[in-house]
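[1] got a sequence here, can you model it:
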Amino acid sequence: MDYRHLERRVKGFSNHRRIQILELLRKKPELSVEEISEELRINFKTGSEHIRRLAIAGLVLKRNAGHSVRHKLTRRASQVLKFLRTLE
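    Reported below is the predicted structural model:
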């Protein structure tokens, strides 16, 4: 088992805002950073940084759509959300 790789994944969702972003993208896939930031009432720059970290952790996929970038969950992110529900 590669523990550093596992740590990177866990750090990807070990923040309440990132968990909120994952939940939002579960409900509404294909949102832009601007739309995510508006929905969660957070600063655009902050939203962008959280999404960047989620992408590095392999939890969010980015897709170019004209002038915007759309985001959706990976299969791993769906598994993470299921796991987090067991901790409630």
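
[2] tell me how far R17 lies from Y3.
    For R17, the distance to Y3 equals 25 Å [C-beta to C-beta, to the nearest Å]. Quick note: C-beta positions are derived from backbone N, CA and C, even for glycine.

[3] neighbour count winner among these two?
    Neighbours were counted for R17 and for Y3 using other C-beta atoms under 10 Å; R17 has more, 15 against 7.

[4] what about this structure, any weak spots by pLDDT?
    Nowhere does the chain drop to pLDDT under 70.

[5] and the helices in it?
    3-13, 16-27, 33-40, 44-56, 75-87 (DSSP state H).

[6] next, the buried residues of the first one.
    Along helix 3-13, the positions that meet the burial threshold by neighbour count (16 or more other C-beta atoms under 10 Å) are G12, F13.

[7] rewinding a little: and of the helices of the chain, who's closest to G66?
    Closest to G66 of the helices of the chain, according to C-beta to C-beta: helix 33-40, at 13.4 Å.

[8] ok, S68 touching S32?
    Yes - S68 is within contact range of S32, at 4.6 Å (criterion: C-beta atoms under 8 Å).

[9] hang on, the earlier thing: so which of the helices of the chain comes closest to R63?
    Of all the helices of the chain, it is helix 44-56 that lies closest to R63, at 11.3 Å by C-beta to C-beta.
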